[in-house]
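>>> okay, predicted coordinates and the sequence, questions at the end:
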Protein chains: 2
Amino acid sequence: MMVPIVGSSEAEGSQDDAGEAGVRLRWRRGQSLLLRDIDDDTVFLVEGGCLTCDAPVAAGRRHVLLVLFPGDVLCRRFVPPLPDLQMTSAASSVVLRVRRRESGGGKSGVQSHVLDVAAGAAQLLTRSCFYATARGRLSAEECLATLLADMALRLGRTTPGGYAFDVPLSRRDMADYLALNPDSLSRMMSRFKQSHLIVMPTRTRAIARDIDALIAATPFGETLRDLAAARGQVAQA
Amino acid sequence: MMVPIVGSSEAEGSQDDAGEAGVRLRWRRGQSLLLRDIDDDTVFLVEGGCLTCDAPVAAGRRHVLLVLFPGDVLCRRFVPPLPDLQMTSAASSVVLRVRRRESGGGKSGVQSHVLDVAAGAAQLLTRSCFYATARGRLSAEECLATLLADMALRLGRTTPGGYAFDVPLSRRDMADYLALNPDSLSRMMSRFKQSHLIVMPTRTRAIARDIDALIAATPFGETLRDLAAARGQVAQA
DNA sequence: CGGTCCATTGACATCTTTCAAGGCTTGTGG
DNA sequence: CCACAAGCCTTGAAAGATGTCAATGGACCG
């Protein structure tokens, strides 16, 4: 499904006033917003779904700088001034747009938002460094295992059939995030499926019969567990 | 020169009390500090030199997650909990160690430090994303040109012979940062020297006869200029 | 002045990308 | 409800880029 993009490809999803807190935006997959003209004081808080922060690089190539999950915060200042940098909805998403200076109004309101933004930047920085290390020093297959294990720990839960989780990113999104090309990534996914590491009943749904095996498929499995624990999540096999 | 590492390879450079502001550490090239046991409230402010935040990955491999320049700020929370993650002095460096809660004491002191740390995180995040994009979607040669142009804009100045700048990172540091291997990187450096893009009178010193040509060697040249301008630096050819 | 790192270079192996074709999903309209 | 169209995904073979291994040379410190 291709969402028609109007004008400067600005996202035009439905929105409603969330009162003092800002404006709540509802985007469908594929809708995007150019960050070029976003104010430095505008803060986006992801409430649901999954988004990417991405930019076109050279001819026909794209790079996903960040993948945003619920709870993540994004400001214009967090990302480099690359041309045509945008925020794109990878799946149906809900985003709260807040203006930093306006938020709260009272003293405690401002203070808490300053802290939120700082913590959000630290969290994204941690993740950015983590994936940079994975991309740089792991094989493509280990790299993909890292991403799958990360999504499993974030979005999954135990079911009778195994540890089930959504895969909100398309093959192309994953490839652009891991700096691979979609063809290579597809081959690796096939290999994982052949080795029964994961099963994919649909294109956006995955089941790991043995979550520990999936986590063990990446050299950074323990680090992923630590990060999940820091978020207050625990993976029980 | 190999610096003797004691105990848990903790850096033991000279230090002096910088009063209320914290402790000033002076490190020589190669000295390092394990981040594992660093308190979450400890903040490092780089005053001079150049450091890396790096971690060993698998057998004999290392990755440089961040390169820190004067003005940069680092907290434990900024980086993922990889085993044996450390801060290493790439050149002689001066680092101010501050405890966040202690600093200032007065209300304004705390507030200003909160803001510093937030801005520092945003700045490092910007750089991390930028280099992730470069590594992912640029050729190895463009990637190296990006790093050299970045260092030139940060550390260089116009001289009679051209635009001269220090290269505080060793070949291996650069390779580990760009996710290349030192051999490949060395070959590319040789190619740059052959094409007269840069001249290196010593191992740690470079001169670009034409800084614009160096900046034009990377597709992200304009973005580097924008970032330099945001730091208040201007490159005059 | 010798030991240690660090840097350079060549030949070869390997992994990933590229290009192209075909099948599968999903949404749309008759 | 079915047929169609547009993306998205999958797969193969060949090409290209970077990595690996090994040997040599050079710089710096004690």
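Done, it's in.

>>> state the helix or strand in which A:D226 lies.
Using DSSP states H and E, A:D226 sits in helix A:221-230.

>>> report the distance from that helix to the chain centre.
Helix A:221-230 sits 17 Å away from the centroid of its parent chain (Cα atoms, centre = their mean, to the nearest Å).

>>> that helix packs against which elements?
helix A:107-137, helix A:140-155, helix A:211-216 (3 or more Cβ pairs under 8 Å, 6 or more residues apart in numbering or on different chains; DSSP states H and E). C-beta: built from backbone N, CA, C; applies to glycine.

>>> where does pLDDT dip in chain A?
Under the criterion of pLDDT under 70, the regions of chain A flagged as low confidence span A:1-21, A:101-115, A:233-237.

>>> residue of it nearest DNA strand D, please.
Per Cβ to the nearest atom of the strand, the residue of chain A with the smallest distance to DNA strand D is A:S190, at 2.9 Å.

>>> residue contacts, that residue?
When contacts are counted by Cβ atoms under 8 Å, 6 or more residues apart in numbering or on different chains, A:S190 touches no other residue.

>>> helix, strand, or coil at A:P80?
The assignment at A:P80 comes out as coil when based on DSSP: H, G, I helix; E, B strand; the rest coil.

>>> hang on, the earlier thing: contacts for the helix holding A:D226?
With contacts defined as Cβ under 8 Å, 6+ apart, helix A:221-230 is touched by A:126, A:130, A:146, A:149-150, A:153-154, A:215, A:218, A:234-235, B:80-83.

>>> quick check: which of the helices and strands packed on helix A:221-230 is nearest to DNA strand C?
helix A:140-155 (3.1 Å).

>>> packing partners for the very next helix or strand once past the closest one?
Once helix A:140-155 ends, the next helix or strand along the chain (criterion: DSSP H and E) is strand A:157-159. Using 3+ Cβ pairs under 8 Å, 6+ apart as the contact criterion, the neighbours of strand A:157-159 among helices and strands are strand A:162-166.

>>> which of the residues in the helix or strand just after the strand it packs on are buried?
Downstream of strand A:162-166, the first helix or strand assigned by DSSP H and E is helix A:171-178. Buried residues in helix A:171-178, counted by 16 or more other Cβ atoms under 10 Å in any protein chain shown: A:173-178.

>>> stretch A:26-39 near DNA strand C at all?
No. Against DNA strand C, stretch A:26-39 shows no contacts by Cβ under 7 Å from any atom of the strand, the least distance being 8.7 Å.

>>> how far is that stretch from where the chain is centred?
Here stretch A:26-39 is found 14 Å from its chain centre; the criterion is Cα atoms, centre = their mean.

>>> I figured A:M151 hits A:F165, correct?
Yes. Applying Cβ atoms under 8 Å, one finds A:M151 in contact with A:F165, separated by 5.8 Å.

>>> more neighbours: which of those two?
For A:M151 versus A:F165, the count of surrounding residues by other Cβ atoms under 10 Å in any protein chain shown is larger for A:F165: 23 against 20.

>>> where's the closest residue to A:V43 other than its chain neighbours, which helix or strand?
Of all residues beyond its chain neighbours, the one nearest A:V43 is A:V98 (4.8 Å), with distances taken as Cβ to Cβ, 6 or more residues apart in numbering or on different chains. In the assignment (DSSP H and E), A:V98 maps to strand A:93-99.

>>> quick one: that strand to chain centroid distance?
Using Cα atoms, centre = their mean, the distance from the centre of strand A:93-99 to the centre of the chain it belongs to is 15 Å.

>>> direction included, what does that strand pair against?
Applying DSSP bridges to the sheet, strand A:93-99 is found paired with strand A:23-27 (antiparallel), strand A:42-48 (antiparallel).

>>> and the longest one, what's buried?
By neighbour count, and taking 16+ other Cβ under 10 Å as the criterion, the buried residues in strand A:42-48 are A:42-47.

>>> from the contacts of helix A:221-230, keep the buried residues only.
Applying 16+ other Cβ under 10 Å to the contacts of helix A:221-230, the neighbour count classes A:126, A:130, A:146, A:149-150, A:153-154, A:215, A:218, A:235, B:80-82 as buried.

>>> ok, now which ones touch the residue sitting nearest the centre point of chain A?
Residue closest to the mean C-alpha point of chain A, counted by Cα atoms, centre = their mean, is A:V67 at 2.5 Å. Each residue near A:V67 by Cβ under 8 Å, 6+ apart is listed here: A:50-53, A:90, A:169, A:173, A:177.

>>> export the strands paired with strand A:93-99 to CSV and tack on distance to B:L138?
Below are the strands paired with strand A:93-99 laid out as CSV (distance: least, Cβ to Cβ, whole Å):
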stretch, distance to B:L138
strand A:23-27, 30
strand A:42-48, 27
